[in-house]
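Enquirer: From the sequence below, what's the structure:
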Amino acid sequence: MKLPLSIPLLSAVIFCAWVGQTFADRISLVPMADGTVQVSGSGFSNLSYSIQATTDLANPAWTPLATVSADTNGIFNFVDVDATNHSNRFYRGVQATATTFGSGLTAKQTIAISGGAIDSFNSSVAPYTYGSYGGNVVVLSDTNATGAIKLNAVFIFGMVVTPPLGTVTLVGSASAVGDTNWIATGNVGIQPGHYTNNANFQFIDWPAPYTSGAALTGGIVNGTNYTYVIDGNLHPNYYADWLSLSSQNMLVQGCATLYVKGSFIVSGTGYIYLAPDSSLTLYVGGTATISGGGIVNSTGLAKNISIYGLPSCTGLTYSGSSSFIGTLNAPEASVTITGGNNLFGAIVANTIAVSGGVVIHFDEALSNR
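Expert: Alright, predicted model coming up:
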């Protein structure tokens, strides 16, 4: 019996093997003298992998053994001390973090990027520094369509991934996908080894977090009059049927969740300010349009602002005057990012369109959430 090198189950990349077999540099199993088995694999750098085992491939019941982290070269290792209790055992490594944020931009359908660049950094190590960035981005489309990923004059410091029948289209000759050194030396196109066609991402449709919560009210905080003040220290959960901030402002302090059942709009002089040492989780049931003053994240950490689009959220646009620092996770929405500002964080959507020279900095710290 011959087992495939890669089996597209669950989320993203899965590697399988069994004792005595080695598949290239993807995963290898080494029986040790004491009866244990060393499992080694190669995946994406700095991501977490769930090591799982089963004794029956015909009707597999995969048992999680451990979660391990790949190093900067994508290598992960695990020793199965329980192997001595099994005469036959099959193994796989599942990218454990893919179902939440992926590794940059992840879409069910197409991704189109015009202008700008996408690189990475790790906020748990140091803030983003211009001129010093990483190449651990993964731009993944999960559709088998021709032109699943379309790039026009953009630099991607990392990888592009599609399913087996999906393709990557480069418009013109000014785009580059590869590691930092390869792109820095003036290369264009896709660096060998930086495109794979094994995408298989598990998207999660987010349910409404609750049906009622504290009403939005205003107040004066530190001398500033806010139309709305969300204080997670007073109420953890807030609710609104719909919300429009065209000339209004909102302060968020403490750790709070806001559920907007209908449309969510920020425009004109309106803005949302996240105070230091605070976090906001925003659920939107309708379309979301964020322009005007946008969302100001004073913590500087993407993990502190999370926007979730429910299944009824089919459109999400960000063109605010402030750089967006946070995560957008709306699996049924067409997400559009425009303007010259930066985005620090990650995006999961139905489709993704980025234009206007937007530079996206994927925060590798999100891979551990």
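Enquirer: Low-confidence regions, the stretch 251-369 of the chain specifically.
Expert: 368-369 (pLDDT under 70).
Enquirer: Run through the strands of the stretch 51-200 of the chain in chain order.
Expert: 63-69, 75-80, 90-95, 104-107, 111-114, 117-121, 137-141, 149-152, 155-161, 168-171, 176-178, 189-190, 195-196 (DSSP state E, counting those that start in this stretch).
Enquirer: Tabulate the ones you listed in JSON lines, adding columns for mean pLDDT, distance to residue 304 and mean neighbour count.
Expert: (Each C-beta comes from the backbone N, C-alpha and C, glycine too.) Listed next are the strands of the stretch 51-200 of the chain as JSON lines, based on pLDDT from 0 to 100; distance: least, CB to CB, whole Å; neighbours: other CB atoms under 10 Å:
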{"stretch": "strand 63-69", "mean pLDDT": "85", "distance to residue 304": "22", "mean neighbour count": "14"}
{"stretch": "strand 75-80", "mean pLDDT": "90", "distance to residue 304": "28", "mean neighbour count": "17"}
{"stretch": "strand 90-95", "mean pLDDT": "77", "distance to residue 304": "24", "mean neighbour count": "24"}
{"stretch": "strand 104-107", "mean pLDDT": "93", "distance to residue 304": "19", "mean neighbour count": "28"}
{"stretch": "strand 111-114", "mean pLDDT": "97", "distance to residue 304": "26", "mean neighbour count": "23"}
{"stretch": "strand 117-121", "mean pLDDT": "94", "distance to residue 304": "16", "mean neighbour count": "23"}
{"stretch": "strand 137-141", "mean pLDDT": "93", "distance to residue 304": "21", "mean neighbour count": "28"}
{"stretch": "strand 149-152", "mean pLDDT": "97", "distance to residue 304": "29", "mean neighbour count": "22"}
{"stretch": "strand 155-161", "mean pLDDT": "95", "distance to residue 304": "24", "mean neighbour count": "25"}
{"stretch": "strand 168-171", "mean pLDDT": "96", "distance to residue 304": "33", "mean neighbour count": "17"}
{"stretch": "strand 176-178", "mean pLDDT": "96", "distance to residue 304": "30", "mean neighbour count": "25"}
{"stretch": "strand 189-190", "mean pLDDT": "96", "distance to residue 304": "34", "mean neighbour count": "16"}
{"stretch": "strand 195-196", "mean pLDDT": "92", "distance to residue 304": "32", "mean neighbour count": "16"}
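Enquirer: Would you mind putting the CA coordinates of stretch 349-366 into PDB?
Expert: Once non-C-alpha atoms are left out, stretch 349-366 reads as follows in PDB (Å, rounded to 0.1, in the frame of the first residue of the first chain):
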ATOM      1  CA  ALA A 349     -12.400  36.500   3.700                       C
ATOM      2  CA  ASN A 350     -14.500  35.100   0.800                       C
ATOM      3  CA  THR A 351     -12.600  37.400  -1.700                       C
ATOM      4  CA  ILE A 352      -9.900  39.900  -1.100                       C
ATOM      5  CA  ALA A 353      -9.100  43.000  -3.200                       C
ATOM      6  CA  VAL A 354      -6.200  45.300  -2.200                       C
ATOM      7  CA  SER A 355      -5.300  48.400  -4.200                       C
ATOM      8  CA  GLY A 356      -3.900  51.900  -4.000                       C
ATOM      9  CA  GLY A 357      -0.400  50.900  -2.800                       C
ATOM     10  CA  VAL A 358      -1.500  49.500   0.500                       C
ATOM     11  CA  VAL A 359       1.300  47.800   2.400                       C
ATOM     12  CA  ILE A 360       0.300  44.800   4.600                       C
ATOM     13  CA  HIS A 361       2.400  43.600   7.400                       C
ATOM     14  CA  PHE A 362       1.400  40.200   8.600                       C
ATOM     15  CA  ASP A 363       2.000  39.800  12.400                       C
ATOM     16  CA  GLU A 364       3.500  36.400  13.000                       C
ATOM     17  CA  ALA A 365       2.400  36.500  16.600                       C
ATOM     18  CA  LEU A 366      -1.100  35.800  15.400                       C
END
